[in-house]
Every structure is written in C-alpha cells, then in structure tokens.
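Q: turn this into a model:
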Amino acid sequence: MQLTKQILKLSLAVPFVLLLNGCFDETVKCSDEMVKETIKEIYTEQIQSGASNPLLAAMSANFPNLISIESIRPISYNKEVKMRECKAVMHFENETTADLSYTIQTNEDNGDDYYIELDKAFLESLIMSSMMSGLGSNK
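A: Modelled structure (predicted):
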C-alpha cells in the first residue's frame, strides 16, 4: 500500500514539473551575457567587413572599439513568435555612446538557438558618425 502511495505522489508530481517547464520556455532575456557577447561579435564583424571594402575602409577605421552594453531594457515580448524587443546603450573606448535597438527570437527548430538582429538604423548611424569623424580628421 505504501508503494502505491509513493507511485501516486510521483505520478502527480511529474506532470506538474512538466507544466512548470512550459511556463519558463521563453526567449533569453535582453541582458543575458550570451546576447551581449553576440552583439559585440556582430559589431566587430560589421567593422571588419567594412575594412575589406575600399569605399568603407576609411569609415570602418574610425569605428571605436565597443567596451560595454549598458542600460539594457526590454521593450516588448511576443509570446506567439517568442521574440523579445530590447533597447540598450553601447559605450565605446572613445567615451562616446550610441543607442541600440535589437530583437532576440527563438529558433523553432532548436529552442536553445536564438537569432539576434540589430536595428538597421543603429548600423546606419554608426556609418554616418564614422563619415563625420573621417571628414573632421581631414581638416
């Protein structure tokens, strides 16, 4: 009889744990270290890809090194597509900052993989500020 009670308790506990597991099946947080490192990698790749293009080489030379990503805040979360919209402030070695908007979305094929997409306006603003820095240094 005691074994039956233990089996009954165990059979009730397992579905509850599985139910709780489904409640926490969300996209990573905006401030997750993996997200910040990926943003830094994307930024660095954009600089390096610009350096290989003669037209963009001068601009990419003016891009400062990224030091940190701070003031991270969630803007929205869409449960249906498991996508989080975020904003942050990037701090560079030349003591400048830039506002950044980005999204994080779970890969449907593998829930452990995420797609991080930087807002196009952010990259355009970096190019514009780099162009302005390059023009100012020629005086």
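
Q: list the buried ones in stretch 91-102?
A: For stretch 91-102, a neighbour-count test (16 or more other C-beta atoms under 10 Å) marks 91-92, 98, 100, 102 as buried. All C-beta spots, glycine's among them, are computed from the backbone N, C-alpha and C.

Q: closest one to K79 out of those residues, please.
A: Y102 (18.6 Å; C-beta to C-beta).

Q: who touches the closest one in this structure?
A: By C-beta atoms under 8 Å, 6 or more residues apart in numbering, the residues touching Y102 are 39, 85-88, 116-119, 122.

Q: can you do 6 Å?
A: Y102 makes contact with 86, 118, according to C-beta atoms under 6 Å, 6 or more residues apart in numbering.

Q: remind me which residues of the chain are low pLDDT?
A: Within the chain, the segments meeting pLDDT under 70 span 1-25, 50-62, 111, 123, 126-127, 129-139.

Q: re earlier: tell me the one among the buried residues of stretch 91-102 nearest to C30.
A: Within those, the smallest distance to C30 is 8.0 Å, found for Y102 (C-beta to C-beta).

Q: quickly list what the closest one is bridged to.
A: C86, L118 (DSSP bridges).

Q: could you measure from it over to D113?
A: To D113, Y102 is 16 Å away according to C-beta to C-beta, to the nearest Å.

Q: and the nearest residue to A98 once chain neighbours are set aside, what helix or strand is that in?
A: Nearest residue to A98 in three dimensions, chain neighbours excluded: M90, at 4.8 Å (C-beta to C-beta, 6 or more residues apart in numbering). Element membership of M90 [criterion: DSSP states H and E] is strand 83-92.
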